[in-house]
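K.L.:
My questions concern the predicted model and sequence given below.
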Amino acid sequence: MSATLPPDSAVHRRDCVPLVVPPVTLEGHDVRLEPLRPEHAPALAALCEDDIFTWFSSVLRTEADVAAFIDNACQAAERGSERPFVIIERRTGAPVGTTRFLEIQRDHRTLEIGYTWLGRRVWRTRINTECKYLLLRHAFESLGVMRVQFKTDKHNARSRAAIERLGARFEGVLRHHKLVRGGVVRDSAYYSVVDTEWPEVKVRLEGLLADGGARV
C-alpha cells in the first residue's frame, strides 16, 4: 500500500538550484547597505556603547573588538555561510551599524537576517525598518529564497516587538540555545517570513516606511 501524502504536498515545491548569495550593495531612501570591510572598524567602534550590546552574543567596546568582529564576518563570507553589511546613513555618509545574512542554507534556499546593531543616535528612526525591507526584498525577489528567519534572546522584549512589527511570525523558543557574553545561557525566540507571505509583509513594510518607519 502506498503512503498517503499530505493534501498540500504537491503544491509546496520550490526551485532546488543551490542558493548563492553574492556581495551586493542595497540602496534605500535613507540607508545604503554595503559589504562590510576591515576599514569600517574605526567608524563603527566610535558608535560602541555597552547598552547597545545588552542582548548581543558579545560586547564590542574597542576598535580591536570591532576589527575581530569584522574579520570573523569576512571569513564567514569567504566560506559562503554569511554575507555581512555595513549600514550607511545616506544623509551623512556615515556608518551607523551593521547587519548581515547568515545561516545561509544553499541546498534548502533559506537564510537568516541578524547580527544587527545600530548606534544609539539612530534608534527609533526608520533606519532599521528600511534595512529589513531592503534585505527581505533582496532575499525574496532577487535571491529567490524560500524562508527568512530571525532570532533573538527570549527576554529581549524590544527586539521581539520590532521583529513582530515587521510582520514575521513567531515560531517558538529554542531553550538553552547558546552561550553568550562569556557564559550566559540564552533561550532564543525564533520568527520567520516565508515566500508566500512576502507580498503581504512587503505591503506592511512599505506602509510603515511611508508613515516614518520608526522602530520600537
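P.N.:
Nice, I can see it.

K.L.:
which secondary structure elements does the longest helix along the chain contact?
P.N.:
Longest among the helix segments of the chain by residue count, using DSSP state H, is helix 63-79. Helices and strands touching helix 63-79, by 3 or more C-beta pairs under 8 Å, 6 or more residues apart in numbering; DSSP states H and E, are helix 41-45, strand 83-89, strand 94-105. From N, CA and C alone the C-beta is placed, and that goes for glycine too.

K.L.:
and the second one, which residues are buried?
P.N.:
Right, strand 83-89. Using 16 or more other C-beta atoms under 10 Å as the test for burial, strand 83-89 gives 83-89.

K.L.:
Tell me which strands that strand pairs with, and in which orientation.
P.N.:
strand 31-35 (antiparallel), strand 94-105 (antiparallel) (DSSP bridges).

K.L.:
Nearest to Leu136, out of those strands?
P.N.:
Go through the strands paired with strand 83-89 one by one with C-beta to C-beta and the one that ends up closest to Leu136 is strand 94-105, at 10.6 Å.

K.L.:
can you redo the helices and strands packed on helix 63-79 as CSV with mean pLDDT and distance to Arg13?
P.N.:
Formatted as CSV, the helices and strands packed on helix 63-79 follow (pLDDT from 0 to 100; distance: least, C-beta to C-beta, whole Å):
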stretch, mean pLDDT, distance to Arg13
helix 41-45, 98, 42
strand 83-89, 98, 26
strand 94-105, 98, 17
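
K.L.:
deepest of the ones you listed, which one?
P.N.:
strand 83-89 (a mean of 23; mean count of other C-beta atoms under 10 Å).

K.L.:
Give me the residue at the spatial middle of the chain.
P.N.:
Ile113 (2.2 Å; C-alpha atoms, centre = their mean).
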